[in-house]
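Asker: Dropping a prediction and its sequence here:
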Amino acid sequence: MIDRNSQFMAILTNVGAAKLANATALGIPWNLTQLGVGDANGNDPMPSPTQTKLINERRRAPLNQVKVDPVNAAVIIAEQVIPADAGGWWVREIGVYDSDGDLVAVANCAPSYKAALDQGSGRTQVVRMNFVVSSTNNIVLKIDPAVVLATREYVDLRILEELYKLDSKQSVRVGTTTNIALAGLQTIDGIALVAGDRVLVKNQAVAKDNGLYIAAVGVWGRAPDADVSAEVTSALQVSVEQGTSLADTRWQLITDGVIVLGVTALTFQNVTQGFAPINSPALLGTPTGPTPPQFDNSTRLSTTASVKRMGVEYSGFAPLTASTALGASSVGGVVAAASVAPINITLPPTAGVPDGATVEVVNAGAAAVTVLPSGLDVLASPFAGAISVVLGAGDNAELVKVSGTWRLRGGAMALKYAAVMSGSNWTTRPQFESSQAFATTEFVKRVGVEWSGFSTVNANTVLGNGSVGGIVSATSFTAISITLPPTGAVGAGAMIMLVSGGVGAVTLLGSNGENTTNISGSAITVVLGQGDSAILSRVPGEWRLVGGSLALKYAYVMAAGSGANGYQKLPSGLQECRGSFTSSPTPGAPVNVTFPLGFGSINQLVITPVSTSTAAVSAWHDSATSSGFNGHCNLASTICHYIAKGQAA
């Protein structure tokens, strides 16, 4: 009786063991073909190696499936499907027969009743036997699909096997861009992988390791649809779903011939945009293509978008520092001479150069550059006359090939021959015109010094940039301030004049903390009285007083000392010094006096004593020099004032 202690097993019969040994020794095939089931006459059988038949066989039919266990290569799995119309008995014993009809393996199983259809409970039943063999090398794992039924599992597996052999594979999440370690969860092409992600590995240092893989925490395995050679064949294709650089791309295996997975180097090619068409295609309709990057210089095809974007673009730029004979490669480009000594540049021979081809020569150096034709070629003006072309610093000449000549068609040198540059084609604009018309030297000469405008203010005012270059007149009866324009947007050297025509003082202020400075750059306070003027020039961060009546205050020729002993310079070159001294306690004794500013020569010296005494008082000097004098007074310890005049040093 079957219970918890019952044992079930499958073994080779003696006949089966002998046939397996024979097949292994001789290397001959051994075919397993049928599986039988029986009810053992209602008993609970125990398999015996001596059996040559089942105890009570109920049904024998071809095997539905026979294969090696994928997890144990020493185990054979034999399977049969019993259809719904067979039954009415118990299944307690199972046997496998070979092509000779011999029972080669026998097993017992837990009793299972196989009902017949007429019992009202028919079903399809799968019977499977797993038995151990020493070797499966010579066992033929083959069935006849025409005479067996298939389980759903079998069909699913077979479908997967066939699908896995297709060249179009299930998409991968990411593709590699460099060699990687085939283990662990990592970030590939900007995507952090999780376990189970499919990955196209295509950049391994050892190309045999390329292929489709499943990401894992540990060592990666190949994807189930690409883990055997039969599933990895030339023209295999796979799409990449994500990635910074490879998202939405498609790749094809371009390794040709027989592929042995893990041995053959695998190479994948990006076929996202398809393969190139046939050689020298003749395109019809309105074909389009990708626009190359700007400034691309390769064999890519150009599009109208790239041509339009390119505009006028020379083919190249070649700097030269010595006399050079140009070749055909210079045609279409710019040749830049950069020499400190005069040099010659000989143009390419016109032979072989198509009409309309151009070359431009520029002089980026300090010395003259003479442009010469080659051989019997001619260097011609725009109207075909032979000319010589010598480029000065900054000059350029654009030459066009016309027949056997290089004709000057553009650049600064061509202006020499342009009618528009002749005097008869220029007219002098009316005096005082202010427009965008070109000015002749006659117009400029006639303009002289002319301020851009004149405006009047009579209250506190903040000036804008529109006042720069003009005159601002203050006409207030009371004191006002005028704030100068911010210097940030004003060009260096720009000027503004301010005049005071009113009786109120006018104080000039800098904008945003900027200073007004004297000609030496020292900060000053500028206050205009009636009739005063101030001309200021913009330097970085300040307005500098450079002219007008107020500038005289800071001029050297008008320099003055304002102390008790002071001086005053005059534009004529004369100088005046003033001061005081106390006479000696001894009446008439000399006291040495030094001028506050030395003279070149002294012309006049006047001393006036100051005394409240009714006694006669007098003061005099002697030994006067350019630096001072000896002062005397007939009264002791008396204050004396002096004024000296002469030529400034």
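Answerer: Sure thing, it's come through.
Asker: All the strands of the stretch 401-550 of the chain, in order from the start?
Answerer: In the stretch 401-550 of the chain, the segments counted as strands under DSSP state E, counting those that start in this stretch are 405-410, 454-457, 461-462, 471-474, 480-483, 495-500, 506-509, 515-517, 526-528, 533-539, 542-547.
Asker: any idea how far the fifth one is from the chain center?
Answerer: By that I understand strand 480-483. Computed by C-alpha atoms, centre = their mean, to the nearest Å, the separation of strand 480-483 from the middle of its chain amounts to 51 Å.
Asker: Sheet-wise, list the partners of it with their directions.
Answerer: Strand pairing for strand 480-483, determined by DSSP bridges: strand 461-462 (parallel), strand 506-509 (parallel).
Asker: how about the strands of the stretch 401-550 of the chain in TSV, adding mean pLDDT?
Answerer: Below are the strands of the stretch 401-550 of the chain laid out as TSV (pLDDT from 0 to 100):
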stretch	mean pLDDT
strand 405-410	93
strand 454-457	94
strand 461-462	96
strand 471-474	96
strand 480-483	96
strand 495-500	95
strand 506-509	96
strand 515-517	94
strand 526-528	95
strand 533-539	95
strand 542-547	94
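Asker: which one of these lies closest to residue 489?
Answerer: Among these, the nearest to residue 489 by C-beta to C-beta is strand 533-539 (9.9 Å). Glycine gets a C-beta too; all of them are placed from N, C-alpha and C.
Asker: what inclination does that closest one have with respect to strand 542-547?
Answerer: Put simply, strand 533-539 runs at 140 degrees to strand 542-547, going by axes from the mean of the first three to the mean of the last three C-alpha atoms, to 10 degrees.
Asker: Keeping just the C-alphas, turn strand 533-539 into CSV.
Answerer: Taking Å, rounded to 0.1, in the frame of the first residue of the first chain, the C-alpha atoms of strand 533-539 are listed here in CSV:
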residue,chain,number,x,y,z
SER,A,533,33.7,127.7,-18.1
ALA,A,534,34.9,124.1,-17.6
ILE,A,535,35.8,121.5,-20.3
LEU,A,536,35.9,118.0,-19.0
SER,A,537,37.1,114.8,-20.7
ARG,A,538,36.0,111.3,-19.8
VAL,A,539,38.7,109.0,-18.3
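Asker: buried residues in it?
Answerer: 533, 534, 535, 536, 537, 538 (16 or more other C-beta atoms under 10 Å).
Asker: repeat for stretch 397-412
Answerer: Buried residues in stretch 397-412, defined by neighbour count with 16+ other C-beta under 10 Å: 397, 398, 399, 400, 401, 402, 405, 406, 407, 408, 411.
Asker: Please compute how far that stretch lies from its chain's middle.
Answerer: 39 Å.
Asker: Now the terminal residues of it, how far apart.
Answerer: 6 Å (C-alpha to C-alpha, to the nearest Å).
Asker: what stretches of this protein score poorly on pLDDT?
Answerer: Filtered on pLDDT under 70, the chain yields the residue ranges 1, 135-165, 273-284, 310-312, 421-426, 447-448.
Asker: Pull the number of nearby residues for residue 607.
Answerer: Neighbourhood size, residue 607 [other C-beta atoms under 10 Å]: 21.
Asker: Tell me the spacing between it and residue 594.
Answerer: 15 Å (C-beta to C-beta, to the nearest Å).
Asker: can you check residue 133 too?
Answerer: Residue 133 sits 133 Å away from residue 594, going by C-beta to C-beta.
Asker: And the two? Which one has more around it.
Answerer: residue 133 (21 against 13).
Asker: what residues are up against the more buried one?
Answerer: Residues in contact with residue 133, defined by C-beta atoms under 8 Å, 6 or more residues apart in numbering, are 12, 20, 74, 75, 76, 139.
Asker: In PyMOL, how would I select just the buried ones from the residues you listed?
Answerer: To isolate the buried ones among the contacts of residue 133 in PyMOL, judged by 16+ other C-beta under 10 Å, type:
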select buried, resi 12+20+75+76+139
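Asker: Output the contacts of residue 133 as a markdown table; include the columns secondary structure and distance to residue 106.
Answerer: Supplementary listing: the contacts of residue 133 in a markdown table, determined by DSSP: H, G, I helix; E, B strand; the rest coil; distance: C-beta to C-beta, whole Å:
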| residue | secondary structure | distance to residue 106 |
| --- | --- | --- |
| 12 | strand | 8 |
| 20 | helix | 14 |
| 74 | coil | 18 |
| 75 | strand | 16 |
| 76 | strand | 13 |
| 139 | strand | 17 |
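Asker: Please state the backbone phi and psi of residue 118?
Answerer: phi -70, psi -10 (degrees, to the nearest 10).
Asker: circling back to that earlier point, nearest to residue 376, out of the buried residues of stretch 397-412: which one, please.
Answerer: Using C-beta to C-beta, the shortest approach to residue 376 within these belongs to residue 405, at 10.4 Å.
Asker: Is it correct that the closest one is in contact with residue 379?
Answerer: Yes. Here residue 405 reaches residue 379: they are 7.1 Å apart, a contact under C-beta atoms under 8 Å.
Asker: Mind listing the shared neighbours of these two?
Answerer: Counting by C-beta under 8 Å, 6+ apart, the shared contacts of residue 405 and residue 379 are residue 373.
Asker: Could you chop the protein up by domain?
Answerer: 10-163, 167-270, 317-417, 454-554, 560-648 (automatic domain parsing).
Asker: Just give me how far the second one sits from the chain centre.
Answerer: Distance of domain 167-270 from its chain centroid, counting by C-alpha atoms, centre = their mean, is 30 Å.
Asker: Straight-line length of that domain, end to end?
Answerer: End residues of domain 167-270 are separated by 15 Å (C-alpha to C-alpha).
Asker: about what we covered before: would you mind giving the domains of the chain as JSON lines with distance to residue 294 added?
Answerer: What follows is the domains of the chain, written out as JSON lines (distance: least, C-beta to C-beta, whole Å):
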{"stretch": "domain 10-163", "distance to residue 294": "46"}
{"stretch": "domain 167-270", "distance to residue 294": "20"}
{"stretch": "domain 317-417", "distance to residue 294": "17"}
{"stretch": "domain 454-554", "distance to residue 294": "33"}
{"stretch": "domain 560-648", "distance to residue 294": "65"}
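Asker: out of these, nearest to residue 3?
Answerer: Going by C-beta to C-beta, the one of the domains of the chain nearest residue 3 is domain 10-163, 9.7 Å.
Asker: Now do residue 63: how many residues are near it, please.
Answerer: The burial count for residue 63: 23, using other C-beta under 10 Å.
Asker: Surely it and residue 31 touch.
Answerer: No. Counting by C-beta under 8 Å, residue 31 is not a contact partner of residue 63; they are 10.1 Å apart.
Asker: Enumerate every residue touching residue 533.
Answerer: 497, 498, 499, 500, 547, 548, 549, 550.
Asker: Same question for residue 243.
Answerer: 174, 175, 188, 189, 190, 191.
Asker: Looking at these, which two lie furthest apart in space?
Answerer: 175 and 190 (11.5 Å).
Asker: More neighbours: the two, which one.
Answerer: Higher neighbour count among residue 175 and residue 190: residue 175, with 26 against 13, using other C-beta under 10 Å.
Asker: Residue 49 versus the more buried one, what's the distance?
Answerer: 56 Å.
Asker: Run a quick neighbour tally on residue 194.
Answerer: There are 11 residues near residue 194, going by other C-beta under 10 Å.
Asker: ranges for the helices of the stretch 151-300 of the chain?
Answerer: Taking DSSP state H, counting those that start in this stretch to define them, one finds helices in the stretch 151-300 of the chain at 152-164.
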